[in-house]
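give me a 3D structure for the following:
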Amino acid sequence: MFIVRPVRTADLPAIERMAVASGIGVTSLPNNRDKLFERIQQSSSSFEFEATAETGSEYYMFVLESAGEVVGTASISACAGFDEPFYSYRSETFVHASRTLKVNNRVHVLNICHDLTGMVQLCGFYADNVLEPLAAELLSRARLLFIATARQRFGRRIIAEMQGIHDDAGQSPFWNAIGRRFFNMDFLQVEQAFVGHSKTFIAELMPSYPIYVPLLPDDAQNAIGQIHANFERPCQLLTTEGFEADNYIDIFDGGAVLTAELDRLQTLERNRCYPVEVAASLPAQASMHLVCNQQVGDFVAAAIRVAIVDGVAFINPDAAQALGVSSGDTVRVVGLQQG
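Have a look, this model is predicted:
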């Protein structure tokens, strides 16, 4: 059985392994032991935090566990850019017109902005490639079940950055066309700087004026809003959930930034709470669902067989033990995306 739970300090070696395996571009899962340890500690503090009406620096890291082994991780930042602006490029159209010459041209431009600062952010997603699709769906959507369980901790809008196009050597056509000219650094180098230093260096070095897209090399133009092959499955899960590729792209590699109204996402709209009945034999109508308990610090979500009968969720003893619930407790249930 796969379960999703909050990360623990003992998970650090597994998180380190996944940080290495995730490769270039996943800045929210840095290949840096000290930074990963800080993230784990920050996450532990966030789960223990007494919720108020104000959200802030809370960071929630989850792991996907199978038979006691950590095989995936994913996180939520309660407020993107809490300490300093969260930068991205806004994709816009400028009109250049002349009545005298009878010319009217619409030109694609990119403007650096921090419009997305303060939004909830899904980040740090990594799952071993050998995992079945159900496990990846559980890992991605368990974060949304947690948000539904602790709704007062999160704001109204939510974003998710998708990794953009780059090769195995760390060459990003988008970065090489823009960022490299102002930083004089390779994509891999700037990724490490992004992890280890304040993000204000973006505003200090990147141009504040519009970038005219037609002036960029073809490979850079073609990379705008594209998604790395490794992120196709996570992106599919999020778009099925209700996320959309809006008018924003990542400032480093040009990857798509997905946005959504949090309460209009499938998991938020369709989940329901039911009292539990633990039964050794489930009713015939039992089927696979995503289920979580109603805890915060001891949050657990799992993909299990459930039968909803007369407003009661029937689950088997193994599932009850994994979720930490007993008959009479309440669980939150939502159907699978493909069924």
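
shaky segments in the stretch 51-200 of the chain?
51-55, 130, 194-199 (pLDDT under 70).

need the strands for it, in chain order.
59-66, 69-77, 88-98, 103-113, 120-127, 157-161 (DSSP state E, counting those that start in this stretch).

centroid residue for this structure?
residue 122 (2.6 Å; C-alpha atoms, centre = their mean).

pretty sure that residue sits against residue 74.
Yes - between residue 122 and residue 74 there is a contact at 7.3 Å, judged by C-beta atoms under 8 Å. Heads up, the C-betas are built off the backbone N, CA and C, glycines and all.

SS state for residue 21?
helix (DSSP: H, G, I helix; E, B strand; the rest coil).

dig out what the closest residue to the residue nearest to the centre of the chain other than its chain neighbours forms beta bridges with.
Spatial nearest neighbour of residue 122, excluding adjacent residues (C-beta to C-beta, 6 or more residues apart in numbering): residue 160 at 4.2 Å. Counting by DSSP bridges, residue 160 is bridged to residue 122, residue 258.

helices of the stretch 201-339 of the chain, start to end?
218-223, 232-241, 266-270, 317-323 (DSSP state H, counting those that start in this stretch).

arrange those helices in a markdown table, one row each, with distance to residue 191 as further columns.
Listed next are these as a markdown table, based on distance: least, C-beta to C-beta, whole Å:
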| stretch | distance to residue 191 |
| --- | --- |
| helix 218-223 | 16 |
| helix 232-241 | 19 |
| helix 266-270 | 30 |
| helix 317-323 | 36 |
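
so which of the ones you listed comes closest to residue 56?
Ranking the helices of the stretch 201-339 of the chain by proximity to residue 56 (C-beta to C-beta) places helix 266-270 first, at 21.4 Å.

give me the contact list for stretch 13-20.
Outside stretch 13-20, the residues that touch it by C-beta atoms under 8 Å, 6 or more residues apart in numbering are 7, 26, 29-33, 36, 40, 63, 69-70, 72-73, 126, 128.

if we use 7 Å, what do you get?
7, 29, 30, 31, 33, 36, 70, 73, 126 (C-beta atoms under 7 Å, 6 or more residues apart in numbering).

kindly report the same for stretch 306-322.
Residues contacting stretch 306-322 (C-beta under 7 Å, 6+ apart): 1, 3, 274-280, 282-283, 285-286, 289, 291, 300, 302, 304, 326, 331, 333.
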